[in-house]
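A.B. asks: could you look at this predicted model? Sequence included:
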Amino acid sequence: MNNYVHGYSERESKRLQDQANTLDELLHHDSVFPAGSKILEAGCGVGSQTKIIAPKNPSCRFTSIDISGESLKKASYTIQSLKIKNVEFRIGDIFDLKLEAESFDHIFLCFVLEHLSMPVQALLDLKKVLRKGGTITVIEGDHGSAYFYPDSDAAQKAINCQVKLQAMHGGNALIGREIYPLLCRADFKDCTVSPRMVYVDSSKPFLVEGFTKNTFTAMIEGVREDALMNSLISEQEWNQGIKDLYRTAEDDGVFCYTFFKGTAIKG
Ligand SMILES: C[S@@+](CC[C@H](N)C(=O)[O-])C[C@H]1O[C@@H](n2cnc3c(N)ncnc32)[C@H](O)[C@@H]1O
């Protein structure tokens with residue numbers, strides 16, 4: 001997938017790991033599946049979520065797929081070094097799954113739909129390998145949910161560059177708010193969406209480092225060249241925007257962002 005907005009660099013691998021480690025409890029305190037379940041994790045990337053949800057569900061068997069062989073190598077290395085035994089990695093495309101129909105009890109995907117130009121089709125293709133009565137869990141962010149103190153037009157413009165670039169690549173950085181309609185459009189039943197807000201101030205230094213700086217601002221910084229090359233913003237305004245995002249990580253700064261976790265059933 002060469003048009004993937006975040007790319008596959010070492011820096012991005014580290015950012016995905018920081019993101020998952022920081023958001024572990026918020027996103028996954030309830031990522032618990034019935035004992036013995038067979039779970040498909042679609043778009044596992046470097047295994048940042050895998051290494052959290054697989055040990056949480058030790059009696060379940062995970063098949064974790066990704067379209068990127070390079071990411072799978074990293075994921076496999078991480079899982080082996082943590083001595084996690086219930087995960088099998090496979091290269092695979094969500095839109096061309098070489099998996100038996102109705103062979104999984106649960107499907108899990110995190111930060112994947114936001115990069116796909118056909119998210120409903122992805123859900124329909126995934127649904128084919130889910131058994132009737134099985135469930136799907138989808139986690140996504142929504143950059144429209146980012147607000148902070150001190151407020152800054154330049155910071156909002158820098159964030160909007162990421163939103164525009166992701167759209168130019170066929171994705172949607174505002175997809176969190178669409179999880180419910182997307183799951184309904186793919187004809188899943190009993191959809192429930194749970195918003196998960198990250199609230200960060202300097203009384204939570206772990207989140208200041210792990211979320212405001214190393215997850216969110218690092219992600220925006222990662223699109224600098226693309227944003228400037230596409231003339232989405234001037235260099236001066238970009239630099240100010242990034243400076244203002246770091247400013248929210250100072251002693252009196254505040255940063256808020258909401259993730260959305262949806263679950264639904266195949267009727
Ligand atoms: C932002 S990463 C998220 C990785 C991981 N789920 C996480 O939360 O850290 C998105 C992943 O989706 C994968 N991906 C994109 N399109 C895909 C497709 N059609 N089939 C399988 N994986 C895909 C990418 O290769 C990338 O690893």
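C.D. replies: Looks like it came in fine.

A.B. asks: how about the residues of the stretch 151-267 of the chain that lie near the ligand?
C.D. replies: Residues of the stretch 151-267 of the chain found near the ligand (C-beta under 6 Å from any ligand atom): none. For glycine as for every other residue, the C-beta is placed from the backbone atoms N, C-alpha and C.

A.B. asks: where do the strands sit along the stretch 151-267 of the chain?
C.D. replies: Residue ranges of the strands in the stretch 151-267 of the chain, as given by DSSP state E, counting those that start in this stretch, are 189-201, 254-265.

A.B. asks: show me what from the stretch 1-150 of the chain comes close to the ligand.
C.D. replies: Residues of the stretch 1-150 of the chain lying close to the ligand by C-beta under 6 Å from any ligand atom are 1, 4, 6, 16, 20, 43-45, 48-49, 65-68, 71, 93-95, 110-112, 115-116.

A.B. asks: tell me which of those residues fall in helices.
C.D. replies: Within those, residues falling in helices by DSSP state H are Leu16, Ala20, Ser71.

A.B. asks: pLDDT-wise, what's the bottom of those?
C.D. replies: Sorting these by pLDDT puts Ala20 at the bottom of the list (71).

A.B. asks: was I right to think that one contacts Val46?
C.D. replies: No. Using C-beta atoms under 8 Å, Ala20 is not in contact with Val46, being 9.2 Å away.

A.B. asks: selecting buried members of the residues of the stretch 1-150 of the chain next to the ligand in PyMOL, what would you type?
C.D. replies: To isolate the buried members of these in PyMOL, using 16 or more other C-beta atoms under 10 Å:
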select buried, resi 4+6+16+20+43+44+45+48+49+65+66+67+68+71+94+110+111+112+115+116
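
A.B. asks: next, the contact list for Phe260, please.
C.D. replies: Ile139, Glu140, Gly141, Asp142, Gly176, Arg177, Ile179, Val193, Ser194, Pro195, Arg196 (C-beta atoms under 8 Å, 6 or more residues apart in numbering).

A.B. asks: would you turn these into JSON lines with pLDDT?
C.D. replies: Converted to JSON lines, the contacts of Phe260 look like this (pLDDT from 0 to 100):
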{"residue": "Ile139", "pLDDT": "98"}
{"residue": "Glu140", "pLDDT": "98"}
{"residue": "Gly141", "pLDDT": "98"}
{"residue": "Asp142", "pLDDT": "98"}
{"residue": "Gly176", "pLDDT": "98"}
{"residue": "Arg177", "pLDDT": "98"}
{"residue": "Ile179", "pLDDT": "98"}
{"residue": "Val193", "pLDDT": "98"}
{"residue": "Ser194", "pLDDT": "98"}
{"residue": "Pro195", "pLDDT": "98"}
{"residue": "Arg196", "pLDDT": "98"}
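
A.B. asks: Lys213: which of those residues is nearest?
C.D. replies: Gly141 (16.3 Å; C-beta to C-beta).

A.B. asks: from Glu114, how far out is the closest one?
C.D. replies: Going from Gly141 to Glu114 by C-beta to C-beta, to the nearest Å gives 7 Å.

A.B. asks: who's more crowded, those two?
C.D. replies: Gly141 (25 against 20; other C-beta atoms under 10 Å).

A.B. asks: before we move on, the earlier item: now do the shared contacts for Gly141 and Glu114.
C.D. replies: With C-beta under 8 Å, 6+ apart as the test, Gly141 and Glu114 both reach Ala173, Ile175.

A.B. asks: in the stretch 1-150 of the chain, which spans are strands?
C.D. replies: 38-42, 61-66, 87-91, 104-110, 130-141, 147-149.

A.B. asks: in the chain, what residue sits furthest out from the centroid?
C.D. replies: Within the chain, Gln236 marks the point farthest from the mean C-alpha position, 29.7 Å out by C-alpha atoms, centre = their mean.

A.B. asks: low-confidence stretches in the stretch 1-150 of the chain?
C.D. replies: Scanning the stretch 1-150 of the chain for pLDDT under 70 picks out 1-4, 15, 18.
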